[in-house]
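Chemist: Could you look at this predicted model? Sequence included:
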Amino acid sequence: MTQSEMRLAIRRDKVLHPDHQYHQKAYNRDVMAVASVNIRVGDWAAYIGAVAGKKHDIEWIEVRNQGTKLPRVVAEAMFPHEAASYEWRA
């Protein structure tokens, strides 16, 4: 993990970056979903993945980088605010 990614992991629920916004949800200790919003473009996508369940405030980065992209209908149900506010990233 880079220093830049560590700085992004400081805030747990909603992490801001100059060009992106990330919202995370833990569905249990071992499964997390992350919504990635590109603010400049105005689109978003969501990813899901397994984590160790020890440090969700850092583990979400792995989900963002290596998680499985969710189908649009599932992502919209999990992250309704993003679905209403941004275009889906195909």
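Modeler: Structure's in. What do you need?
Chemist: After the top helix by length along the chain, heading C-terminal, what element do we hit next?
Modeler: Across the chain, the helix with the greatest residue count (assigned by DSSP state H) is helix 56-66. Downstream of helix 56-66, the first helix or strand assigned by DSSP states H and E is strand 68-69.
Chemist: which residues touch the residue positioned nearest the centre of the chain?
Modeler: Nearest residue to the geometric centre of the chain (CA atoms, centre = their mean): V34, 2.2 Å. The neighbours of V34, taking CB atoms under 8 Å, 6 or more residues apart in numbering as the test, are 22-25, 46-48, 60, 63-64, 67. In short, each C-beta sits where N, CA and C put it, glycine included.
Chemist: just V31 next, same as before
Modeler: Counting by CB under 8 Å, 6+ apart, V31 has contacts 48-51.
Chemist: Of the residues you listed, keep whichever come out buried.
Modeler: Among the contacts of V31, those buried by neighbour count (16 or more other CB atoms under 10 Å) are 48-49, 51.
Chemist: where does S85 sit relative to A77, distance-wise?
Modeler: Counting by CB to CB, to the nearest Å, the gap from S85 to A77 is 15 Å.
Chemist: what does N28 give?
Modeler: 17 Å.
Chemist: try E62
Modeler: 23 Å.
Chemist: ok, back up a step: of the contacts of V31, which belong to strands?
Modeler: 48-50 (DSSP state E).
Chemist: quick revisit: generate a PyMOL selection restricted to the buried entries among the contacts of V34.
Modeler: Typed into PyMOL, the next command selects the buried ones out of the contacts of V34 (criterion: 16+ other CB under 10 Å):
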select buried, resi 22+23+24+25+46+47+48+60+63+64+67
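Chemist: wait, which of the contacts of V34 is closest to A90?
Modeler: Closest approach between the contacts of V34 and A90, by CB to CB: A46, at 12.9 Å.
Chemist: show me what contacts that closest one?
Modeler: Here A46 is in contact with 33-36, 69-70, 74-75, 78-79, 82 (CB under 8 Å, 6+ apart).
Chemist: re the thing from before, ok, N28 and A77, which is more surrounded?
Modeler: Each of N28 and A77 has its neighbours counted (other CB atoms under 10 Å); A77 has more, 12 against 8.
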